[in-house]
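1. Next come a sequence and a model predicted from it.
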Amino acid sequence: MNAYRTYLDGNQDRYLDELLDFLRIPSISALPERAEDVARAGQWVAQRLSSAGAENVEVLPTGGHPVVYGDWLHAEGKPTILVYGHFDVQPVDPVELWTHPPFEPTVVDGRVYARGASDDKGNMLAPILAVEALLRSGGAAPVNLKFCFEGQEEIGSPQIPEFMPAHVERFASDLAVSADGGQFSETEPLLLMSLRGICGVQIDVHGASTDLHSGLHGGRIQNPIHALTQILGSLRRADGTVAVEGFYDDVAALTEVERAAIARVPFDRDEYLCEVGLDEEFGEPGYTNRERGWVRPTLEMNGIWGGFQEDGIKTVLPNAAHAKITCRLVADQDPERIIGLLEEHVAQHAPPGVRVEVNPLSIRGRPYSIAADHWGNRAAAAVLTEFYGREPYQTRSGGSIPITGVFLEQLGIDTIGFGFGIEDENYHAPDEFFRLASFRKSQRAYVRLLEELGK
Ligand code: BES
Ligand code: MN
Ligand code: MN
């Protein structure tokens, strides 16, 4: 048996304990009161990278949540691989729906339950453990390695575009490998060919200087909630298409080849509807469910608030109303341009009698895509075929990893997905979990991927 496999097998108990330690840190990037926990998770990662044998490990300040760097650059003549992952996690509310407390990781039936178990702590640990096995068992890795682990992915990496220019040389590499991502099922692998971009706005509608009696003032002045719903209603047509002027201008049409590739990925409509608890789907006419979810742009309202929300009755004419909206973008849409279009649209559709503000959210991510036959994907496909006994599906994701656009624009490198989460693992939801079988498999698969990339 290979030395690294003996090493991995001999250290699985310790590795699991370490994963549980990592999962106990409540590194929720969205909550300001958790900033120290995000920093503590960064320290944990830095320490773990060092003990794995990485050199020049540093926690780099960004002005927001930090980035952890490390490298191992002793494979002369071999490519340099930038391993990526994130150590921040999503909020846990509604916490009462969790079977076990989200930051008290619990192992049940071969699964570890905790916030961040799959997205992305369990996944991002795999390449670190794989590299430790290589360095400790054989003293060398088959490629040069750099690591970039961030603490702000789940809030859209707001400081990364401004952080990266000062670190272009430090992160200079030939290819990024993202440990944030997944596989198709326990028995079927995938290649991730694209991610959508993202941008968003908050709409704030301001009315009178204070809440008022709705009997005394209703009918005499504008109501901010009515004004807001009028604006929101104008954003999307009844058929599900986005009504913002210019929204689709830069959307590259799907080629027949792309549509055929998407159609080759199995999709069970009834199973999907059962999973989401609905009996019909809804979306843009002329596109399949997969196309709507993977390669068409969307505008979704994420939250709306204002006025009286408690039980009972309060005859109030509220003085403000708010909504948060995000758009998922596809090639060649530009987040900044889309924000501009939203601002224009809202200005044109704002009814009289209120002051309407459009405040861009700090999230900005460009859509990202990579060819299936890219050299990185060919290496990933070879390894996945070896591990699963079948070739990977060519899939896409409706989700976003904003840093992929920064790697491409500022470092000039592509990113392949090499993660082992599975879509049923409740990412961002109560009872998030990661399969221990995936945790073990991912460590060996990472060793093999690095070997393939070094060939
Ligand atoms: N890991 C996800 C994105 C993802 C999910 C990629 C499934 C591939 C397959 C990532 O952590 C995520 O949730 N991203 C956010 C980004 C946002 C907050 C800017 C998303 O997509 O909502
Ligand atoms: Mn993630
Ligand atoms: Mn996520």
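-> Cool, the structure landed. Ligands and ions are numbered 1, 2, ... in the order given.
2. For Gly138, see how far away the residue of the stretch 301-450 of the chain found nearest ligand 1 is.
-> The nearest approach of the stretch 301-450 of the chain to ligand 1 comes at Gly399, 3.3 Å away (C-beta to the nearest ligand atom). (Glycine included, C-beta is placed from N, CA and C.) Going from Gly399 to Gly138 by C-beta to C-beta, to the nearest Å gives 36 Å.
3. Report all helices and strands that the helix or strand hosting Ala261 contacts.
-> Using DSSP states H and E, Ala261 falls within helix 256-263. Helix 256-263 is packed against helix 289-294, with contacts defined by 3 or more C-beta pairs under 8 Å, 6 or more residues apart in numbering; DSSP states H and E.
4. Is the helix it packs on positioned near ligand 1?
-> No: using C-beta under 6 Å from any ligand atom, helix 289-294 never reaches ligand 1; the gap is at least 10.6 Å.
5. Can you give me the distance of the residue lying farthest from the centre of the chain to ligand 2?
-> Distance from the centre of the chain peaks at Leu216, with 48.2 Å (C-alpha atoms, centre = their mean). Per C-beta to the ion, to the nearest Å, Leu216 is found 51 Å from ligand 2.
6. any idea how far that residue is from Ala208?
-> Leu216 is 11 Å from Ala208, by C-beta to C-beta.
7. now Ser137
-> According to C-beta to C-beta, Ser137 and Ala208 sit 71 Å apart.
8. what about the closest residue to Ser194 other than its chain neighbours, how many residues close to it?
-> Among residues not flanking Ser194 along the chain, Ser369 sits closest, at 3.7 Å (C-beta to C-beta, 6 or more residues apart in numbering). By other C-beta atoms under 10 Å, the residues close to Ser369 number 18.
9. Same question for Glu186.
-> 13.
10. ok, Asp37 touching Arg24?
-> No: Asp37 is beyond contact range of Arg24, at 9.9 Å (criterion: C-beta atoms under 8 Å).
11. In terms of neighbours, single out the busier of those two.
-> Between Asp37 and Arg24, Asp37 has the larger neighbour count (other C-beta under 10 Å), namely 20 against 15.
12. Which residues in the helix or strand hosting the more buried one does the neighbour count mark as buried?
-> Secondary structure assignment for Asp37, by DSSP H and E: helix 35-52. Buried residues in helix 35-52, counted by 16 or more other C-beta atoms under 10 Å: 35, 37-42, 44-46, 48-49, 52.
13. what's the distance between it and the middle of its chain?
-> Remark: helix 35-52 is offset 20 Å from the chain centroid, using C-alpha atoms, centre = their mean, to the nearest Å.
14. Could you name the helices and strands sitting against that helix?
-> helix 12-23, strand 55-60, strand 67-72, helix 122-138, strand 144-150.
15. Contacts for it, please.
-> Applying C-beta atoms under 8 Å, 6 or more residues apart in numbering, the contact partners of helix 35-52 are 18, 21-22, 25-29, 57-59, 65-68, 70, 87-88, 124-125, 128-129, 131-132, 135, 147, 149, 151-152.
16. Write the ChimeraX selection for whichever of those residues are buried.
-> Of these, the buried ones go into a single ChimeraX selection, burial set by 16+ other C-beta under 10 Å:
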select :18,22,25,26,27,28,29,57,59,65,66,67,68,70,87,88,124,125,128,129,131,132,135,147,149,151,152
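17. And the strands in the stretch 151-300 of the chain, which stretches?
-> 175-178, 182-183, 190-192, 194-195, 197-206, 212-213, 298-305 (DSSP state E, counting those that start in this stretch).
18. And the stretch 351-455 of the chain, by the same measure?
-> With DSSP E, counting those that start in this stretch as the criterion, the stretch 351-455 of the chain has strands spanning 355-365, 368-369, 393-395, 415-417, 421-422, 433-435.
19. by how many degrees do the longest one and strand 298-305 diverge?
-> So that's strand 355-365. Direction vectors for strand 355-365 and strand 298-305, defined by axes from the mean of the first three to the mean of the last three C-alpha atoms, to 10 degrees, enclose an angle of 130 degrees.
20. can strand 355-365 be found next to ligand 2?
-> No: Strand 355-365 lies out of reach of ligand 2 by C-beta under 5 Å from the ion, never closer than 12.3 Å.
21. Could you list the paired strands of that strand along with their orientation?
-> Take DSSP bridges as the rule and strand 355-365 pairs in its sheet with strand 197-206 (antiparallel).
22. how deep is whatever residue of the stretch 51-200 of the chain ends up closest to ligand 1 tucked in, by neighbour count?
-> Going by C-beta to the nearest ligand atom, ligand 1 is nearest to Gly156 of the stretch 51-200 of the chain, at 3.5 Å. For Gly156, the neighbour count with other C-beta under 10 Å is 23.
23. Measure how buried the residue nearest to it when sequence neighbours are not counted is and give me the count.
-> Leaving aside its chain neighbours, Gly156 sits nearest to Ile363 (3.0 Å; criterion: C-beta to C-beta, 6+ apart). Residues within reach of Ile363, counting by other C-beta under 10 Å, total 19.
24. check contacts around Ile363.
-> Contacts for Ile363 (C-beta under 8 Å, 6+ apart) come out as 155-156, 158, 198-200, 326, 402.
25. Can you give me the distance of it to ligand 2?
-> As judged by C-beta to the ion, Ile363 and ligand 2 stand 14 Å apart.
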